[in-house]
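1. starting from these lines, generate the structure:
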Amino acid sequence: MIQSLAALHGASMPEDTAESPSRGPIDTEILDRVAAHLARSDRFADIQTRPSYAPHSVVADYDLGYFPNGVTRAYLRIRWFETDDFSIHYSEQYRTEDSWECRWDRHPNDHNTREHFHPPPDAPTPGADAEYPDNWRDVLATVLTRLDDRIKAFWD
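-> Purely as a prediction, here's the structure:
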């Protein structure tokens with residue numbers, strides 16, 4: 001299953017495989033906890049921890065039943081580092097081959113404060129400075145709440 005998903009989704013989800021010295025190594029323990037947490041949600045049809053096409057991430061594909069027919073894929077790609085830096089990338093992909101992207105980040109950089117948000121529809125850099133909770137559970141709850149609002153807006 002992982003290989004077929006890699007072939008299907010690998011091109012649409014480039015992975016930064018380099019471990020930046022400023023971010024530190026990937027926190028595999030937190031990624032495992034994130035995956036277990038997401039698995040308890042009905043939102044997701046498939047959750048993979050460190051798949052071959054994104055070896056430093058948890059990738060959670062949304063159940064497309066939550067979306068209008070024009071959405072062909074919606075997913076989260078989550079990377080968490082031992083320094084508590086993170087990147088949470090959300091993408092919706094459409095039959096028109098367009099996409100809607102945003103990203104929540106915490107990492108040293110030269111374009112924003114350490115904590116920042118790359119807004120939709122194309123997650124540009126620089127993004128907007130932001131503040132996030134310290135604990136991964138609270139960060140994830142913040143992101144999921146915003147995405148739940150996004151998904152509900154399809155049906156309003």
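
2. mind listing what's buried along stretch 85-103?
-> Under the neighbour-count criterion of 16 or more other Cβ atoms under 10 Å, stretch 85-103 has 85-94, 99-103 buried. Glycine gets a C-beta too; all of them are placed from N, C-alpha and C.

3. farthest pair in the residues you listed?
-> Distance extremes for the buried residues of stretch 85-103: the farthest pair is Asp85 and Tyr94 at 30.5 Å, using Cβ to Cβ.

4. can you list the low-confidence ranges for the protein?
-> Counting by pLDDT under 70, the chain contains low-confidence residues at 1-22.

5. mind listing the strands for it?
-> In the chain, the strands defined using DSSP state E lie at 44-49, 58-62, 71-80, 86-94, 99-106, 115-118, 128-129.

6. the first one pairs with which strands, parallel or anti?
-> Sheet partners assigned to strand 44-49 using DSSP bridges are listed as strand 58-62 (antiparallel).

7. quick revisit: and the buried residues of stretch 85-103, which is closest to Pro133?
-> Distance to Pro133 across those (Cβ to Cβ) is lowest for Phe86, with 11.3 Å.
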